[in-house]
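Student: heads up, no residue letters with this:
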Ligand SMILES: C[S@@+](CC[C@H](N)C(=O)[O-])C[C@H]1O[C@@H](n2cnc3c(N)ncnc32)[C@H](O)[C@@H]1O
(Lines give C-alpha, C1' and ligand atoms only; values in the text may rest on other atoms or scores of the structure.)
Protein backbone atom coordinates (compact mmCIF):
# COMPACT_ATOMS: atom_id res chain seq x y z
CA UNK A 1 0.00 0.00 0.00
CA UNK A 2 1.39 3.42 -0.93
CA UNK A 3 1.73 6.09 1.81
CA UNK A 4 -1.10 8.09 0.23
CA UNK A 5 -3.46 5.10 0.18
CA UNK A 6 -2.52 4.34 3.79
CA UNK A 7 -3.48 7.94 4.68
CA UNK A 8 -6.82 7.53 2.89
CA UNK A 9 -7.55 4.27 4.67
CA UNK A 10 -6.76 5.86 8.04
CA UNK A 11 -8.92 8.85 7.17
CA UNK A 12 -11.88 6.53 6.63
CA UNK A 13 -11.32 4.41 9.70
CA UNK A 14 -14.16 5.88 11.79
CA UNK A 15 -16.80 5.02 9.20
CA UNK A 16 -15.15 1.71 8.42
CA UNK A 17 -14.88 0.40 11.98
CA UNK A 18 -17.87 -1.95 11.85
CA UNK A 19 -16.57 -3.33 8.60
CA UNK A 20 -12.97 -3.65 9.68
CA UNK A 21 -13.59 -6.53 12.04
CA UNK A 22 -15.26 -8.45 9.23
CA UNK A 23 -12.44 -7.43 6.92
CA UNK A 24 -9.74 -8.73 9.29
CA UNK A 25 -11.76 -11.91 9.73
CA UNK A 26 -11.94 -12.34 5.99
CA UNK A 27 -8.19 -11.91 5.67
CA UNK A 28 -7.54 -14.50 8.33
CA UNK A 29 -10.01 -16.93 6.84
CA UNK A 30 -8.57 -16.97 3.39
CA UNK A 31 -7.88 -15.19 0.17
CA UNK A 32 -10.03 -12.95 -1.93
CA UNK A 33 -10.73 -15.75 -4.33
CA UNK A 34 -12.81 -17.50 -1.72
CA UNK A 35 -14.70 -14.25 -1.20
CA UNK A 36 -15.32 -13.26 -4.77
CA UNK A 37 -15.91 -16.51 -6.55
CA UNK A 38 -14.79 -14.60 -9.62
CA UNK A 39 -11.12 -15.56 -9.74
CA UNK A 40 -10.38 -17.51 -12.89
CA UNK A 41 -8.78 -20.94 -12.59
CA UNK A 42 -5.02 -21.18 -12.92
CA UNK A 43 -3.77 -21.18 -16.48
CA UNK A 44 -0.17 -22.45 -16.45
CA UNK A 45 2.17 -20.37 -18.58
CA UNK A 46 0.37 -17.04 -18.17
CA UNK A 47 1.36 -14.87 -15.22
CA UNK A 48 -1.88 -12.86 -15.31
CA UNK A 49 -3.97 -16.03 -15.34
CA UNK A 50 -2.60 -16.93 -11.90
CA UNK A 51 -3.26 -13.47 -10.46
CA UNK A 52 -5.25 -13.53 -7.24
CA UNK A 53 -6.36 -10.20 -5.79
CA UNK A 54 -6.10 -9.61 -2.05
CA UNK A 55 -8.77 -7.73 -0.14
CA UNK A 56 -7.34 -4.38 0.91
CA UNK A 57 -4.70 -4.34 -1.81
CA UNK A 58 -3.62 -0.88 -2.92
CA UNK A 59 -5.47 0.83 -5.72
CA UNK A 60 -4.74 4.18 -7.32
CA UNK A 61 -7.12 6.27 -5.18
CA UNK A 62 -8.69 3.59 -2.98
CA UNK A 63 -7.93 0.03 -1.98
CA UNK A 64 -9.81 -2.93 -3.43
CA UNK A 65 -12.53 -4.41 -1.27
CA UNK A 66 -15.29 -6.19 -3.17
CA UNK A 67 -18.94 -5.29 -2.68
CA UNK A 68 -20.68 -8.28 -1.06
CA UNK A 69 -22.73 -10.08 -3.72
CA UNK A 70 -25.90 -9.52 -1.68
CA UNK A 71 -25.34 -5.79 -1.91
CA UNK A 72 -24.47 -5.98 -5.63
CA UNK A 73 -27.89 -7.60 -6.12
CA UNK A 74 -29.55 -4.91 -4.00
CA UNK A 75 -27.74 -2.10 -5.82
CA UNK A 76 -28.92 -3.42 -9.18
CA UNK A 77 -32.46 -3.70 -7.84
CA UNK A 78 -32.27 -0.09 -6.66
CA UNK A 79 -30.94 1.00 -10.06
CA UNK A 80 -33.92 -0.78 -11.72
CA UNK A 81 -31.67 -1.94 -14.55
CA UNK A 82 -33.24 -3.02 -17.81
CA UNK A 83 -31.80 -4.35 -21.09
CA UNK A 84 -32.07 -0.77 -22.40
CA UNK A 85 -29.62 0.52 -19.79
CA UNK A 86 -25.89 0.97 -20.00
CA UNK A 87 -24.22 0.56 -16.60
CA UNK A 88 -20.72 1.81 -15.81
CA UNK A 89 -18.96 0.72 -12.61
CA UNK A 90 -16.30 3.24 -11.58
CA UNK A 91 -13.37 1.30 -10.14
CA UNK A 92 -14.74 -2.08 -11.15
CA UNK A 93 -12.42 -4.31 -9.09
CA UNK A 94 -12.97 -7.97 -9.96
CA UNK A 95 -15.87 -7.05 -12.23
CA UNK A 96 -18.70 -8.51 -10.15
CA UNK A 97 -21.17 -5.63 -10.55
CA UNK A 98 -20.60 -5.41 -14.30
CA UNK A 99 -20.88 -9.18 -14.75
CA UNK A 100 -23.99 -9.46 -12.59
CA UNK A 101 -25.67 -6.67 -14.58
CA UNK A 102 -24.69 -8.37 -17.84
CA UNK A 103 -26.15 -11.65 -16.60
CA UNK A 104 -29.44 -9.76 -16.25
CA UNK A 105 -29.30 -8.58 -19.84
CA UNK A 106 -27.86 -5.10 -19.28
CA UNK A 107 -24.85 -3.84 -21.23
CA UNK A 108 -22.26 -2.99 -18.63
CA UNK A 109 -18.74 -1.63 -18.54
CA UNK A 110 -16.07 -1.42 -15.85
CA UNK A 111 -13.33 1.18 -15.57
CA UNK A 112 -10.49 -0.09 -13.40
CA UNK A 113 -6.98 1.27 -12.90
CA UNK A 114 -5.33 -2.05 -12.00
CA UNK A 115 -4.57 -3.93 -15.26
CA UNK A 116 -4.46 -7.30 -13.50
CA UNK A 117 -7.98 -6.72 -12.19
CA UNK A 118 -9.10 -5.80 -15.70
CA UNK A 119 -7.71 -9.08 -17.08
CA UNK A 120 -9.27 -11.00 -14.19
CA UNK A 121 -12.64 -9.38 -14.89
CA UNK A 122 -12.46 -10.11 -18.61
CA UNK A 123 -11.73 -13.78 -17.93
CA UNK A 124 -14.58 -13.94 -15.41
CA UNK A 125 -16.93 -12.37 -17.97
CA UNK A 126 -15.89 -14.94 -20.58
CA UNK A 127 -16.42 -17.77 -18.11
CA UNK A 128 -19.85 -16.39 -17.22
CA UNK A 129 -20.68 -16.28 -20.94
CA UNK A 130 -21.40 -12.54 -20.93
CA UNK A 131 -18.21 -11.10 -22.48
CA UNK A 132 -20.31 -9.54 -25.26
CA UNK A 133 -22.25 -7.42 -22.74
CA UNK A 134 -19.65 -7.06 -19.93
CA UNK A 135 -16.62 -5.07 -21.02
CA UNK A 136 -13.70 -3.63 -19.09
CA UNK A 137 -11.10 -1.00 -19.71
CA UNK A 138 -7.94 -0.11 -17.84
CA UNK A 139 -8.15 3.56 -16.99
CA UNK A 140 -8.44 6.28 -14.41
CA UNK A 141 -12.05 7.10 -13.55
CA UNK A 142 -11.10 10.77 -13.22
CA UNK A 143 -9.86 10.86 -16.79
CA UNK A 144 -12.59 8.72 -18.33
CA UNK A 145 -15.75 9.75 -20.14
CA UNK A 146 -18.72 7.80 -18.78
CA UNK A 147 -21.34 10.37 -19.76
CA UNK A 148 -23.25 7.88 -21.93
CA UNK A 149 -24.07 5.63 -18.95
CA UNK A 150 -27.67 5.46 -17.76
CA UNK A 151 -26.62 3.78 -14.50
CA UNK A 152 -23.40 4.48 -12.59
CA UNK A 153 -22.28 2.29 -9.70
CA UNK A 154 -19.38 3.00 -7.37
CA UNK A 155 -17.70 1.87 -4.18
CA UNK A 156 -15.00 4.43 -3.55
CA UNK A 157 -14.58 6.94 -0.71
CA UNK A 158 -16.52 10.03 0.40
CA UNK A 159 -14.02 12.53 -1.03
CA UNK A 160 -13.80 10.63 -4.33
CA UNK A 161 -17.61 10.67 -4.58
CA UNK A 162 -17.50 14.45 -4.08
CA UNK A 163 -14.88 14.80 -6.82
CA UNK A 164 -17.15 12.85 -9.17
CA UNK A 165 -20.33 14.67 -8.15
CA UNK A 166 -20.12 17.57 -10.65
CA UNK A 167 -19.72 15.13 -13.55
CA UNK A 168 -22.56 12.95 -12.24
CA UNK A 169 -24.88 15.96 -11.94
CA UNK A 170 -24.15 16.83 -15.58
CA UNK A 171 -25.34 13.41 -16.76
CA UNK A 172 -28.66 12.92 -18.53
CA UNK A 173 -31.56 13.57 -16.13
CA UNK A 174 -32.90 10.25 -14.91
CA UNK A 175 -29.48 8.60 -14.74
CA UNK A 176 -29.29 6.47 -11.59
CA UNK A 177 -26.19 6.61 -9.41
CA UNK A 178 -25.79 3.88 -6.80
CA UNK A 179 -22.95 3.92 -4.27
CA UNK A 180 -21.85 1.29 -1.82
CA UNK A 181 -21.35 2.72 1.68
CA UNK A 182 -20.42 6.32 0.86
CA UNK A 183 -22.73 9.26 0.26
CA UNK A 184 -22.54 12.41 -1.84
CA UNK A 185 -22.27 15.04 0.89
CA UNK A 186 -25.26 17.38 0.89
CA UNK A 187 -26.80 15.76 -2.22
CA UNK A 188 -29.20 13.59 -0.24
CA UNK A 189 -29.97 10.13 -1.58
CA UNK A 190 -33.36 9.34 -3.14
CA UNK A 191 -33.20 5.84 -1.65
CA UNK A 192 -31.14 3.92 0.92
CA UNK A 193 -31.10 0.16 1.29
CA UNK A 194 -29.17 -2.61 3.03
CA UNK A 195 -27.70 -5.86 1.78
CA UNK A 196 -29.86 -8.04 4.03
CA UNK A 197 -29.19 -10.39 6.91
CA UNK A 198 -26.46 -12.36 5.14
CA UNK A 199 -24.42 -9.27 4.28
CA UNK A 200 -21.60 -8.87 6.81
CA UNK A 201 -19.67 -5.72 5.86
CA UNK A 202 -20.15 -2.72 3.58
CA UNK A 203 -23.84 -3.46 3.45
CA UNK A 204 -25.47 -0.09 2.85
CA UNK A 205 -26.21 1.41 -0.56
CA UNK A 206 -27.41 4.85 -1.61
CA UNK A 207 -29.19 5.81 -4.81
CA UNK A 208 -29.54 9.19 -6.47
CA UNK A 209 -31.48 10.03 -9.61
CA UNK A 210 -29.84 12.82 -11.59
CA UNK A 211 -32.43 15.63 -11.53
CA UNK A 212 -33.35 17.74 -14.54
CA UNK A 213 -32.26 21.34 -14.10
CA UNK A 214 -35.37 23.46 -13.62
CA UNK A 215 -34.18 26.47 -11.65
CA UNK A 216 -35.56 29.67 -13.17
CA UNK A 217 -38.81 31.17 -14.47
CA UNK A 218 -41.50 29.18 -16.26
CA UNK A 219 -44.56 30.67 -18.00
CA UNK A 220 -47.65 28.49 -17.55
CA UNK A 221 -50.24 28.11 -20.31
CA UNK A 222 -52.84 29.85 -18.09
CA UNK A 223 -50.60 32.93 -17.74
CA UNK A 224 -49.24 32.18 -14.25
CA UNK A 225 -45.51 32.43 -13.59
CA UNK A 226 -43.69 29.59 -11.84
CA UNK A 227 -40.41 30.66 -10.24
CA UNK A 228 -38.29 27.72 -9.12
CA UNK A 229 -35.23 27.54 -6.91
CA UNK A 230 -33.35 24.25 -6.99
CA UNK A 231 -30.82 22.48 -4.80
CA UNK A 232 -30.14 19.05 -6.32
CA UNK A 233 -33.56 17.28 -6.37
CA UNK A 234 -35.18 19.71 -3.90
CA UNK A 235 -37.25 22.63 -5.10
CA UNK A 236 -38.63 25.83 -3.64
CA UNK A 237 -40.02 29.03 -5.11
CA UNK A 238 -43.47 30.42 -5.83
CA UNK A 239 -46.31 30.50 -8.32
CA UNK A 240 -47.39 34.02 -9.25
CA UNK A 241 -51.06 34.31 -10.24
CA UNK A 242 -52.52 37.75 -11.00
CA UNK A 243 -49.75 39.43 -9.01
CA UNK A 244 -50.23 37.16 -5.95
CA UNK A 245 -47.31 34.91 -4.92
CA UNK A 246 -48.21 31.43 -3.71
CA UNK A 247 -45.28 29.52 -2.17
CA UNK A 248 -44.27 26.25 -3.78
CA UNK A 249 -44.21 23.40 -1.22
CA UNK A 250 -43.65 19.65 -1.08
CA UNK A 251 -41.65 20.07 -4.27
CA UNK A 252 -39.04 17.75 -5.76
CA UNK A 253 -37.52 16.40 -8.93
CA UNK A 254 -37.20 12.69 -9.60
CA UNK A 255 -35.10 12.64 -12.73
CA UNK A 256 -37.27 14.40 -15.30
CA UNK A 257 -40.43 14.22 -13.17
CA UNK A 258 -41.46 17.31 -11.27
CA UNK A 259 -44.00 17.50 -8.46
CA UNK A 260 -45.04 20.48 -6.34
CA UNK A 261 -47.98 22.03 -4.54
CA UNK A 262 -48.99 25.67 -4.86
CA UNK A 263 -52.21 27.63 -4.31
CA UNK A 264 -53.91 24.53 -2.88
CA UNK A 265 -53.26 22.48 -6.00
CA UNK A 266 -50.86 19.55 -6.57
CA UNK A 267 -48.98 19.62 -9.87
CA UNK A 268 -47.05 16.77 -11.43
CA UNK A 269 -45.30 16.86 -14.77
CA UNK A 270 -42.51 15.79 -17.05
CA UNK A 271 -39.64 18.11 -17.91
CA UNK A 272 -38.34 17.95 -21.45
CA UNK A 273 -35.66 20.58 -21.92
CA UNK A 274 -37.43 23.94 -21.88
CA UNK A 275 -40.96 22.56 -21.57
CA UNK A 276 -43.00 20.96 -18.78
CA UNK A 277 -46.22 19.08 -19.42
CA UNK A 278 -48.36 17.47 -16.78
CA UNK A 279 -51.61 17.30 -14.85
CA UNK A 280 -52.83 19.04 -11.75
CA UNK A 281 -54.50 17.27 -8.83
CA UNK A 282 -57.88 17.54 -10.54
CA UNK A 283 -56.58 15.81 -13.66
CA UNK A 284 -56.45 19.01 -15.72
CA UNK A 285 -53.56 19.26 -18.16
CA UNK A 286 -51.01 22.04 -17.65
CA UNK A 287 -47.85 23.04 -19.41
CA UNK A 288 -45.10 25.58 -19.02
CA UNK A 289 -42.23 26.93 -21.09
CA UNK A 290 -38.99 28.28 -19.74
CA UNK A 291 -38.76 32.08 -19.89
CA UNK A 292 -35.65 33.36 -21.63
C1 LIG B 1 -13.44 -0.62 -3.09
S2 LIG B 1 -13.02 -1.30 -4.66
C3 LIG B 1 -14.61 -1.57 -5.40
C4 LIG B 1 -14.59 -2.60 -6.51
C5 LIG B 1 -15.94 -2.86 -7.18
N6 LIG B 1 -16.54 -1.66 -7.70
C7 LIG B 1 -16.90 -3.49 -6.22
O8 LIG B 1 -17.85 -2.81 -5.80
O9 LIG B 1 -16.71 -4.67 -5.88
C10 LIG B 1 -12.41 0.14 -5.55
C11 LIG B 1 -11.72 -0.18 -6.86
O12 LIG B 1 -11.37 1.04 -7.50
C13 LIG B 1 -10.09 0.89 -8.12
N14 LIG B 1 -9.56 2.25 -8.30
C15 LIG B 1 -9.00 3.05 -7.36
N16 LIG B 1 -8.70 4.26 -7.87
C17 LIG B 1 -9.07 4.22 -9.19
C18 LIG B 1 -9.02 5.16 -10.26
N19 LIG B 1 -8.55 6.40 -10.08
N20 LIG B 1 -9.47 4.78 -11.46
C21 LIG B 1 -9.95 3.51 -11.66
N22 LIG B 1 -10.02 2.60 -10.69
C23 LIG B 1 -9.60 2.94 -9.46
C24 LIG B 1 -9.32 -0.01 -7.20
O25 LIG B 1 -8.26 -0.64 -7.87
C26 LIG B 1 -10.42 -0.97 -6.73
O27 LIG B 1 -10.47 -2.09 -7.57
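Tutor: Nice, I can see it. None of these values were measured; they are calculated from a predicted model.

Student: so for the helix or strand hosting residue 252, what's the average pLDDT?
Tutor: For residue 252, the host element (DSSP states H and E) is strand 249-254. Averaged over strand 249-254, pLDDT sits at 98.

Student: ditto for stretch 165-185
Tutor: Mean predicted lDDT for stretch 165-185 stands at 98.

Student: picking up where we left off before, in the next helix or strand after the strand holding residue 252, what counts as buried?
Tutor: Downstream of strand 249-254, the first helix or strand assigned by DSSP H and E is strand 257-262. For strand 257-262, the buried set under the neighbour-count rule, 16 or more other Cβ atoms under 10 Å, comprises 257, 258, 260, 261, 262. Just so you know, the C-beta spots here come from the backbone N, C-alpha and C atoms, and that holds for glycine as well.

Student: List of residues touching strand 257-262?
Tutor: Residues outside strand 257-262 that contact it (Cβ atoms under 8 Å, 6 or more residues apart in numbering): 212, 214, 226, 235, 238-239, 246-252, 266-271, 276, 278.

Student: go with 7 Å
Tutor: Strand 257-262 has contacts (Cβ atoms under 7 Å, 6 or more residues apart in numbering) with 214, 235, 239, 246-252, 267-271, 276.

Student: Write out the residues of the chain neighbouring the ligand.
Tutor: Residues of the chain lying near the ligand by Cβ under 6 Å from any ligand atom: 59-62, 64-67, 89, 91-93, 96-97, 111-114, 117, 140-142, 155, 180.

Student: picking that back up, give me the buried entries from the contacts of strand 257-262.
Tutor: Buried members of these, counted by 16+ other Cβ under 10 Å: 214, 235, 239, 246, 248, 251, 267, 269, 271, 276.

Student: With secondary structure added, can I get these in JSON lines?
Tutor: Formatted as JSON lines, those follow (DSSP: H, G, I helix; E, B strand; the rest coil):
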{"residue": "214", "secondary structure": "coil"}
{"residue": "235", "secondary structure": "strand"}
{"residue": "239", "secondary structure": "strand"}
{"residue": "246", "secondary structure": "strand"}
{"residue": "248", "secondary structure": "coil"}
{"residue": "251", "secondary structure": "strand"}
{"residue": "267", "secondary structure": "strand"}
{"residue": "269", "secondary structure": "strand"}
{"residue": "271", "secondary structure": "strand"}
{"residue": "276", "secondary structure": "strand"}
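
Student: and which of these is nearest to residue 136?
Tutor: Distance to residue 136, by Cβ to Cβ, is smallest for residue 271 among those, at 34.6 Å.

Student: List the contacts of the closest residue to the closest one other than its chain neighbours.
Tutor: Excluding its sequence neighbours, the residue lying closest to residue 271 (Cβ to Cβ, 6 or more residues apart in numbering) is residue 212, at 4.3 Å. By Cβ under 7 Å, 6+ apart, the contact list for residue 212 reads 173, 253, 255, 256, 271.

Student: which one among those gets closest to the ligand?
Tutor: Relative to the ligand, the closest of the contacts of residue 212 is residue 255; by Cβ to the nearest ligand atom it sits at 23.6 Å.

Student: so the closest one touches residue 207, yeah?
Tutor: No. Applying Cβ atoms under 7 Å, one finds residue 255 not in contact with residue 207, separated by 11.5 Å.

Student: So for the two, which residue has more residues nearby?
Tutor: Taking other Cβ atoms under 10 Å, residue 255 and residue 207 do not tie; residue 207 has more neighbours (21 against 18).

Student: Next, the residues that contact whatever helix or strand that one lives in from outside, please.
Tutor: Using DSSP H and E, residue 207 sits within strand 204-209. With Cβ under 7 Å, 6+ apart as the test, strand 204-209 has contacts from 71, 74-75, 78-79, 174, 176-181, 183-184, 187, 189-194, 254-255.

Student: relative to strand 204-209, how tilted is the helix or strand containing residue 78?
Tutor: Counting by DSSP H and E, the element that carries residue 78 is helix 69-79. Counting by axes from the mean of the first three to the mean of the last three Cα atoms, to 10 degrees, helix 69-79 lies at 20 degrees to strand 204-209.

Student: and the helix or strand following helix 69-79, average pLDDT?
Tutor: Sequence-wise, the next helix or strand downstream of helix 69-79 (DSSP H and E) is strand 86-90. Here strand 86-90 scores 99 as its mean pLDDT.

Student: packing partners for strand 86-90?
Tutor: helix 96-103, strand 107-112, strand 151-154 (3 or more Cβ pairs under 7 Å, 6 or more residues apart in numbering; DSSP states H and E).

Student: how much does that strand deviate in direction from helix 96-103?
Tutor: Going by the same axes, to 10 degrees, strand 86-90 makes 170 degrees with helix 96-103.
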